[in-house]
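[1] everything below, folded, please.
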Amino acid sequence: MSHLIFALGVLLLMFASSLAGLALARLLPSHHLSKDSAKAIRLAIGLVATIAALVLGFLISSAKSSFDAINNDLVHNAANMIRLDGTLAQYGAEAQPLRATLRRDYGEWIDLLVARGSARAAGLDSPGIILRMEQFEHDVAMLAPKDDHQRALRARALAIADDVFASRSLALLQRGGSLPQALMFVLVFWLAIIFGTFGVLAPRNASVIVAFLACALCASGAVFLILEMDTPLDGIVRVSIGAMRDALARMGGV
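    Below is the predicted model:
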């Protein structure tokens with residue numbers, strides 16, 4: 001919700017800047033808006049617009065990369081959960097309690113990811129998650145292999161478990177986003193200047209005002225998508241957990 005509010009604020013700021021530019025044009029002496037003056041202003045603001053477009057494209061690309069990285073991590077995690085459960089199943093009856101624990105903890109993890117509100121944040125940040133990961137790895141290490149086959153399966157299970165928990169910890173660390181806030185505020189400032197300059201140079205009629213509103217809406221929508229994709233575990237635009245649910249459904253089988 002905070003991202004939506006920020007995007008609405010950006011929309012209002014840019015639209016207000018364009019209206020302020022239209023109002024300012026009435027107060028300026030005529031020679032300030034002469035053909036030569038307008039040409040110079042367009043050249044100057046064109047440079048700012050080009051820089052803003054490059055930064056906007058960079059932020060969209062960076063946010064999309066963060067979104068895809070988290071999504072791939074969760075899919076990889078789901079695949080490893082199936083591998084880990086299968087490895088424990090091959091180990092034998094001694095590992096059945098561990099498989100039950102694994103399936104229960106994974107189901108709770110999925111529920112936390114899809115939940116919303118303060119309870120979700122508290123659950124994801126709970127030290128108990130780390131302790132349960134460590135306890136599970138300890139229990140796997142404490143298995144007593146009876147032959148070389150079980151010994152190899154235990155070593156494989158430990159390696160997969162370490163990979164699973166590492167990717168889960170990585171997803172938690174990345175959920176806050178990596179977008180520099182200062183860069184976003186500077187971009188918004190540039191956009192406000194650009195829209196204000198457009199207002200100064202544009203004719204004053206209803207069509208121009210509607211066009212400014214539409215352009216401001218598009219630009220604020222881009223800002224909204226950047227913020228949402230930069231935090232793929234929160235907000236409205238979130239990574240899919242379909243692969244995780246499929247993995248959970250396949251775990252625990254014979």
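[2] now whichever strand or helix holds Val140: average pLDDT?
    Using DSSP states H and E, Val140 sits within helix 127-141. Mean per-residue pLDDT for helix 127-141: 82.
[3] residues of it that come out buried?
    Of all the residues in helix 127-141, those buried under the rule 16 or more other Cβ atoms under 10 Å are 129, 132-133, 136-137, 140. Placement of C-beta: from N, CA and C, glycine included.
[4] Pro232: what secondary structure?
    With DSSP: H, G, I helix; E, B strand; the rest coil as the basis, Pro232 sits in coil.
[5] residue contacts, it?
    Neighbour list for Pro232: 66-67, 70-71, 175, 238-239 [criterion: Cβ atoms under 8 Å, 6 or more residues apart in numbering].
[6] just the buried residues of those.
    Neighbour counting over the contacts of Pro232 (16+ other Cβ under 10 Å) leaves 66-67, 70-71, 175, 238-239 as the buried ones.
[7] burial of the spatially closest residue to Gly221 that is not a sequence neighbour, as a residue count?
    Residue nearest to Gly221 in three dimensions, not counting chain neighbours: Ala7, with 7.0 Å by Cβ to Cβ, 6 or more residues apart in numbering. For Ala7, the count of nearby residues is 21 (other Cβ atoms under 10 Å).
[8] now do Leu74
    Leu74 has 24 nearby residues by other Cβ under 10 Å.
[9] and it, what does it touch?
    Remark: with contacts taken as Cβ under 8 Å, 6+ apart, Leu74 is in contact with 167, 171, 239, 241, 243-244.
[10] so where does it fall, helix or strand?
    If you go by DSSP H and E, Leu74 is part of helix 35-91.
[11] what about the helix or strand just after that helix, average pLDDT?
    Following helix 35-91 in sequence order, the next helix or strand is helix 96-114 (DSSP H and E). Mean pLDDT, helix 96-114: 86.
[12] so where's the stretch 1-150 of the chain uncertain?
    The stretch 1-150 of the chain contains residues with pLDDT under 70 at 1, 116-127.
[13] before we move on, what about the stretch 151-254 of the chain?
    Within the stretch 151-254 of the chain, the segments meeting pLDDT under 70 span 171-177, 253-254.
[14] would you map the helices across it?
    Along the stretch 151-254 of the chain, the stretches classed as helices by DSSP state H, counting those that start in this stretch are 181-201, 206-230, 242-250.
[15] nearest to Ala78, of those helices?
    Of all the helices of the stretch 151-254 of the chain, it is helix 242-250 that lies closest to Ala78, at 3.8 Å by Cβ to Cβ.
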